[in-house]
Structure formats: C-alpha cells, structure tokens
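Student: Sharing a model prediction with you, sequence too.
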Amino acid sequence: MSSRGAFTVRRTVTQETTVVKEEPQALLTSQTPKQPERKRQVPIQELVESLKSTADDIGQISELSSEERILVAQFFSSLLKLMQPLSPTIAVDQLALPAQLSDVIQAHLDPTGHLILKFEDDHVELKDLREEKNRDILTAVIEDAMPKFKGLASMQKRKLENRIKLLSSVTKEIQKSAEALSAALSAGK
C-alpha cells in the first residue's frame, strides 16, 4: 500500500506541475501582440475609378462655388433694397453663431453683407459675409435673421396701416370742415 500511496502522491504532484507549467504558457500566448493583418491590395482599376470620381466631384465643386457666389451677390443686393426702408441692421442672436464666435456679445447684420460683431473685450469686428471663407457664418446668420426680417416687414406694415387709418380719419374730418367753411364763405358773399 505504501508503494501505491507514493504512486498516487507522485501522480498528483505531476498533475499539479503540469497545470502550473501550462498556465504561464497560456498567459504568454495571450499576451503576445497579434501581427497586423496584411491589407488587401486594391486593384489598379478600382484606384483609377476612384480618381475619376474624385475628378468629377472637384469639377462639380467648382461649378457649385461659382453658383454660390452669384446667389450670395443676388441675396445681398435684394436684401439691401428691402432693408433700406425697414431698418439699418437686423440683430443676430449670439447663440445662432458658430462656435468660433462664442465670445461675441452682440451681432448685427447690415444690408451690405457685413456682420457687425461686438466681443466681450469691447472690440468691434466686421465680417464680410460675401467672402467665401465666411459662408458657414452666412448660413447661420440667414437662418436666424430671416424670421426677424419678416417681423420687421410686418411691423413696418402695421405702422403704415395705423398711420393711414389716422390720416384717413383726420383727413375726412378736415375735408368736411373745409367744405363747410368754403360753403359758409360762399354764402356770405
């Protein structure tokens, strides 16, 4: 029995040893970095097609930029005509401006295409919204200012209607008085 007991103990030790030896190998295997997979090579035809598509896009960008320039010029030409009787500027909400203008405390759009910006440090800056580099700012300003422009037009219309109503009432009364006076003067002759 003692020889059998020794055999069993030995076997257990051997199994433990085996387990201990396998664990570090498993750890080493999982810690080794994977080698990067090789990128598949893109066929030349696919590259050529991609470049042709890019060339088409660049051509369209040129055409669209030209069209945008014309539209911006027309927009400000029309805005100038429409704003002159209404207001010299339209206030623009600072929160409507892009993030790079986050330190602006006041902004106003003038009808010639300039954005008048007053900053926290009290300096004033003009941005020409007709310039291509300012088109993203222009878009943000238009989205904020056009509803306000409609409000200006509605307010101007109400002012005119109220003045006409007043003038109409007063004019009728003055005309009646003038006719009565004229009739009285004619009768007295």
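Tutor: Done, it's in. Numbering: from 1, shown residues only.

Student: Could you pick out the longest helix of the protein?
Tutor: helix 135-187 (DSSP state H).

Student: give me every residue that touches residue 118.
Tutor: Residue 118 makes contacts with 104-107, 124, as judged by C-beta atoms under 8 Å, 6 or more residues apart in numbering. (C-beta placed from N, C-alpha, C; glycine too.)

Student: With adjacent residues omitted, what lies nearest to it?
Tutor: residue 106 (4.1 Å; C-beta to C-beta, 6 or more residues apart in numbering).

Student: where does that neighbour land in three-state SS?
Tutor: Assigned with DSSP: H, G, I helix; E, B strand; the rest coil, residue 106 falls in the strand class.

Student: tell me the contacts of it?
Tutor: 91, 94, 117-118.

Student: Nearest to residue 65 among the residues you listed?
Tutor: The nearest member of the contacts of residue 106 to residue 65, counting by C-beta to C-beta, is residue 117 at 25.1 Å.

Student: Against residue 98, how distant is that closest one?
Tutor: 12 Å (C-beta to C-beta, to the nearest Å).

Student: Regarding residue 124, what are the backbone dihedral angles?
Tutor: phi -110, psi 140 (degrees, to the nearest 10).
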